[in-house]
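1. quick one, what's the 3D model for this:
(2 chains)
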Amino acid sequence: MKKVLFITLCIFSLMVCAKDAVPLADDQVTEQRLISISEEMRCLVCQNESLAGSRSDLANDLRREIRTLIKEGKSDDQIRSFMVERYGDFVLYRPPVKPITWLLWIGPFVILMIGIAGLFVYLRRRNSRVISITLSTEDNQKIDALLSNNEKEGKES
Amino acid sequence: MKAKFLIPLVLFVVLAVFLAIGLNRDPHELPSPLINKSAPAFDIPQLSEPNKTFSPASMKGQVWVLNVWASWCVACRDEHPVLVELAKSQMAPIIGLDYKDQRADALAMLARQGNPYLLSAFDANGRVGIDYGVYGVPETYVIDKAGIIRFKHIGPITPVVLNQKIYPLLSELKKS
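-> Reported below is the predicted structural model:
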């Protein structure tokens, strides 16, 4: 009795897991274009996933929508602006360059420039602090004497 | 010369302020590109009377509220009493957009919790939702007499949002 119950439970749980596959477009070309467009877009529900990779319901609907647009013969740019008109620039992984995003695009380079300028100023200042002295002939003779002394001692030991 | 030692402190404070602002913002609240644009047109069946349709064009000349909801959406249930209160105030008609729902479930929810809507449009496959940039039900739009979206709220309307944003905006829009 228990065995029968166990088997029925197994079969039943299998049935629960089974789910319809997400519908794909009939032709490969559409599907390829869909993937290349939606990989560049953010899923709005799970924001760290691309539209191509997300399993959320909204992502499914949006993929269906993009598929229809492709079939209607819309260009990639037209499809992108369709999405931006509805969800804003946020939907794009590469935000367009415009006044409001200048800081985003140029900011890191500005910070790099400030860093380089700071380093340059610091190095110049440090250089000017090291006092360069010119040696007189007397000093040179002293040095030579000390060096030769040193050499002799080194040989003896 | 002593001010030099303050530089790291100042940098730290600036960084802390930026992080504090960043952490306190909700990443799910996105600025809608639809603000100050015409409400997208649609013409779809109504929830309670499937043989009749609803189109935003029929609301021209009055200030109205569009509320996207669904019976499967838990936050909508929390929001519902606030909508009932808004309806009672008679400040503006509320039109529902029943998003990707089952008719029977939706009607049951309205029967259980009260119906604040003048009527609900039934968006079975979520196509209208896409045009309105819906990504997190419930969402609420305030639309003016000329059919232009003036305000969008993502997530459930709280009494605070209702009193501080929606009521003042409605009375302002009704005057113009």
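
2. what number of residues lie near residue 131?
-> Defaulting to chain A. Other residues near A:I131 number 5, with proximity taken as other CB atoms under 10 Å in any protein chain shown. Any C-beta I mention is one placed from the backbone N, CA and C, and that applies to glycine too.

3. was after chain B, sorry
-> Close neighbours of B:D131, defined as other CB under 10 Å, add up to 18.

4. one more: B:I157?
-> Look at B:I157: counted by other CB under 10 Å, it has 22 neighbours.

5. now the one 4 residues further on
-> The burial count assigned to B:V161 is 17, neighbours taken as other CB under 10 Å.

6. show me what contacts it?
-> B:H153 (CB atoms under 8 Å, 6 or more residues apart in numbering or on different chains).

7. pLDDT of the helix or strand hosting it, averaged?
-> Assigned by DSSP states H and E, B:V161 belongs to helix B:159-161. The average pLDDT within helix B:159-161 is 92.

8. so how far is that helix from its chain's centroid?
-> Relative to the centre of its chain, helix B:159-161 is centred 13 Å away, using CA atoms, centre = their mean, to the nearest Å.

9. just after that helix, pick out the following helix or strand.
-> helix B:167-175.

10. quick one: buried residues of that following helix?
-> B:L169, B:L170, B:L173 (16 or more other CB atoms under 10 Å in any protein chain shown).

11. chain center to that helix, what's the gap?
-> Chain-centre distance of helix B:167-175: 16 Å, with CA atoms, centre = their mean.

12. check which helices and strands it is in contact with.
-> strand B:139-143, strand B:149-154 (3 or more CB pairs under 8 Å, 6 or more residues apart in numbering or on different chains; DSSP states H and E).

13. and the residue nearest to the spatial centre of chain B, what does it touch?
-> Using CA atoms, centre = their mean, the residue of chain B that lies closest to the mean C-alpha position is B:T140, 1.4 Å off. Contacts of B:T140 were listed using CB under 8 Å, 6+ apart, and they are B:V65, B:L66, B:N67, B:V68, B:K152, B:H153, B:I157, B:I166.

14. nearest to chain A among the buried residues of helix B:167-175?
-> Among those, B:L169 lies closest to chain A (CB to the nearest CB), at 21.0 Å.

15. now do that closest one, the pLDDT please.
-> You'll see B:L169 listed with a pLDDT of 94.

16. with A:T8 instead?
-> At A:T8, the pLDDT value in this model is 63.

17. the one 3 residues further on too?
-> A:I11 carries a pLDDT score of 59 in this model.

18. okay, buried residues for stretch B:64-84 please.
-> Buried positions in stretch B:64-84, judged by neighbour count with 16+ other CB under 10 Å: B:64-71, B:73, B:76-77, B:79-80, B:82-84.

19. list the ones among those that fall in strands.
-> Per DSSP state E, strands hold the following members of the buried residues of stretch B:64-84: B:W64, B:V65, B:L66, B:N67, B:V68, B:W69.

20. longest helix anywhere in chain B?
-> The longest helix of chain B (DSSP state H) is helix B:7-24.

21. the following helix or strand past that helix: how far from the chain's middle?
-> Later in the chain than helix B:7-24, the nearest helix or strand by DSSP H and E is strand B:44-45. Relative to its parent chain, strand B:44-45 has a centroid offset of 20 Å by CA atoms, centre = their mean.

22. mean confidence score for strand B:44-45?
-> Regarding strand B:44-45, the rounded mean pLDDT is 94.

23. do that strand and chain A meet?
-> No - using CB under 8 Å from any CB of the partner chain, strand B:44-45 stays clear of chain A, with a minimum separation of 15.3 Å.

24. got a list of contacts for that strand?
-> Contacts for strand B:44-45 (CB under 8 Å, 6+ apart): B:N51, B:K52, B:T53, B:F54, B:A121, B:F122, B:D123, B:V128.

25. so which of the residues you listed belong to strands?
-> Mapping these onto strands (DSSP E) picks out B:T53, B:F54, B:A121, B:F122, B:D123.

26. for B:K37, see how far away the residue of chain B found nearest chain A is.
-> Across chain B, the shortest distance to chain A (CB to the nearest CB) belongs to B:Y135, at 3.7 Å. Distance from B:Y135 to B:K37, counting by CB to CB, to the nearest Å: 17 Å.

27. just for the chain, where's the confidence low?
-> By default, I'm working from chain A. Within chain A, the ranges that satisfy pLDDT under 70 run A:1-2, A:4-26, A:154-157.

28. chain B is the one I meant
-> Those would be B:1, if you go by pLDDT under 70 across chain B.
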